[in-house]
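S.K.: have a look; sequence and predicted model below, questions after that.
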Amino acid sequence: MANVNITEASSSVVLSQRMWSGSDNTSTDWLQSPIGSNAAAGAMHLLVVDVVVTAQSAATTFDLTDTGITGVSGTSVLSVLSVTNQSGGFEAPTLVRSSGSTVAFTSAAGTAGDTHRIVALIYA
């Protein structure tokens with residue numbers, strides 16, 4: 001999949017913070033891989049990304065595996081915490097959902113060029 005209805009050059013990562021919540025179920029490593037590296041074997045991240053929507057009233061898809069937005073990387077969306085319009089309007093996105101590596105929503109009327117903030121827990 002790819003980013004859809006997003007101006008990638010104007011979009012940016014606000015925060016990508018690794019969070020410890022145990023290790024991958026298939027991993028035999030405990031907390032660090034390799035030992036002493038301070039790197040968890042697969043980890044949950046809190047991702048906050050600002051995306052600029054190209055068209056109003058349109059299906060919008062943000063994909064973790066698309067490299068068009070600098071700093072975005074991950075393999076799956078665990079949970080979408082919020083999608084909000086940051087451009088001062090009161091038009092809220094609708095039909096927010098996630099599947100695999102994507103977050104999808106429908107942009108509201110009058111939101112072409114507006115910045116939307118996506119907050120999600122992802123696996124990276």
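M.R.: Thanks, I have the structure now. Bear in mind the structure is a predicted one, so any value in this text is a computation, not a measurement.
S.K.: residue contacts, Ser79?
M.R.: Residues in contact with Ser79, defined by Cβ atoms under 8 Å, 6 or more residues apart in numbering, are 98, 120-121. Any C-beta I mention is one placed from the backbone N, CA and C, and that applies to glycine too.
S.K.: let me know the closest of those to Asp114.
M.R.: Asp114 lies nearest to Ala120 out of these, by Cβ to Cβ, at 18.7 Å.
S.K.: can I assume the closest one is in contact with Leu78?
M.R.: Yes - with contacts counted by Cβ atoms under 8 Å, Ala120 reaches Leu78, the gap being 7.5 Å.
S.K.: and the two? which has more neighbours close in?
M.R.: The residue with more neighbours, out of Ala120 and Leu78, is Ala120; 21 against 14, by other Cβ atoms under 10 Å.
S.K.: the host helix or strand of that one packs against which elements?
M.R.: Per DSSP states H and E, Ala120 falls inside strand 115-123. Counting contacts by 3 or more Cβ pairs under 8 Å, 6 or more residues apart in numbering; DSSP states H and E, strand 115-123 packs against strand 44-52, strand 76-85, strand 102-106.
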